[in-house]
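Chemist: Structural data only, the sequence is not supplied:
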């Protein structure tokens, strides 16, 4: 299970195209993927914003804040409007705005108690009160080791800013997730694997089926590759609508 910071309730239906938006401290990127052939997607559109979508802290704020107005302007750009049939949008938060964690807890500890402790741990890591933190948990029943928790957390204020930015645009916010998951997804489904990364992003293709063979290693450089992050985000609704876990 992939920990998702926020995801809208929805009925399953086939989605043919979607946007992914990678927010970064210096560069943000939007990529749209659409059907090329059954089970294959190609890049429909790509645009970048070199101006940061994070504003400096003000007043009592300690960290940079998402600039909802600047993000809305990006989502209302002519390139996005030209893709009128592409409505679903998945967004990632910058690394410094999201934390991931995992750990094992005694089998004798009730899950509710373990979840409460994880919430406290996540809040402390974000330097926020627990009520100000959005937390998603995944409990692994089986595997190595069984009984492990995986979680992702971010500030609720960041989610409010994202909702505010998308409201009034032609897009629907499908999910908000950590960028690490988006990169891993893109690497699993990128046709030709690492070889494709040498080509321009507009030529990338993605397959419904995961690549065979050993997984492509995810490097630190990949996490700062906004086009790859954005494509991985756009893949999430496409894969889920085809019955594949994102």
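Modeler: Structure received. Not measured: the values here are computed from a predicted model.
Chemist: which residue sits farthest out from the middle of this protein?
Modeler: residue 108 (33.5 Å; Cα atoms, centre = their mean).
Chemist: could you pull out the strands for the chain?
Modeler: Assignment of strands within the chain using DSSP state E yields the ranges 6-7, 17-22, 28-37, 40-49, 54-55, 65-66, 88-93, 98-104, 133-140, 148-155, 172-178, 205-207.
Chemist: Ok, which of these comes nearest residue 213?
Modeler: strand 205-207 (13.3 Å; Cβ to Cβ). The way it works is simple: take the backbone N, C-alpha and C, and place the C-beta from them, glycine included.
Chemist: just how off-centre is the closest one within its chain?
Modeler: Relative to the centre of its chain, strand 205-207 is centred 18 Å away, using Cα atoms, centre = their mean, to the nearest Å.
Chemist: How about stretch 182-198?
Modeler: Distance of stretch 182-198 from the chain centroid (Cα atoms, centre = their mean) equals 16 Å.
Chemist: can you list the residues that contact it?
Modeler: 20, 22, 40, 90, 92, 203-211, 215-216, 218, 222-223, 225, 228-233, 235-236, 239, 246 (Cβ atoms under 8 Å, 6 or more residues apart in numbering).
Chemist: ok, residue 111 to residue 137 distance?
Modeler: Using Cβ to Cβ, to the nearest Å, residue 111 is found at 9 Å from residue 137.
Chemist: neighbour-wise, which of those two wins?
Modeler: residue 137 (18 against 12; other Cβ atoms under 10 Å).
Chemist: any weak-confidence spans in the protein?
Modeler: 1-6, 8-13, 52, 55-64, 139-147, 245-246 (pLDDT under 70).
Chemist: can you rerun that using 50?
Modeler: Applying pLDDT under 50 to the chain picks out residues 1-2.
Chemist: Test my guess that residue 232 contacts residue 20.
Modeler: Yes. Using Cβ atoms under 8 Å, residue 232 is in contact with residue 20, at 6.7 Å.
Chemist: could you pull out the helices for the chain?
Modeler: 68-75, 78-82, 111-126, 156-166, 179-189, 220-223, 226-241 (DSSP state H).
Chemist: So which of those helices is nearest residue 15?
Modeler: That would be helix 226-241 among the helices of the chain, by Cβ to Cβ, at 4.0 Å.
Chemist: Report the angle between the closest one and strand 17-22.
Modeler: 140 degrees (axes from the mean of the first three to the mean of the last three Cα atoms, to 10 degrees).
Chemist: I'd like to know which elements helix 226-241 is packed against.
Modeler: strand 17-22, strand 28-37, strand 40-49, strand 88-93, strand 172-178, helix 179-189 (3 or more Cβ pairs under 8 Å, 6 or more residues apart in numbering; DSSP states H and E).
Chemist: can you put those in a markdown table and add distance to residue 158 and mean neighbour count?
Modeler: Below are those laid out as a markdown table (distance: least, Cβ to Cβ, whole Å; neighbours: other Cβ atoms under 10 Å):
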| stretch | distance to residue 158 | mean neighbour count |
| --- | --- | --- |
| strand 17-22 | 13 | 27 |
| strand 28-37 | 14 | 21 |
| strand 40-49 | 18 | 18 |
| strand 88-93 | 6 | 26 |
| strand 172-178 | 8 | 23 |
| helix 179-189 | 13 | 23 |
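Chemist: export the ones you listed to TSV and tack on distance to residue 155?
Modeler: Formatted as TSV, those follow (distance: least, Cβ to Cβ, whole Å):
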stretch	distance to residue 155
strand 17-22	18
strand 28-37	18
strand 40-49	22
strand 88-93	9
strand 172-178	11
helix 179-189	16
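Chemist: Out of these, the one nearest residue 119 is which?
Modeler: Residue 119 sits nearest to strand 172-178 of all the helices and strands packed on helix 226-241, at 16.9 Å, using Cβ to Cβ.
Chemist: That's all I had, so thanks and see you.
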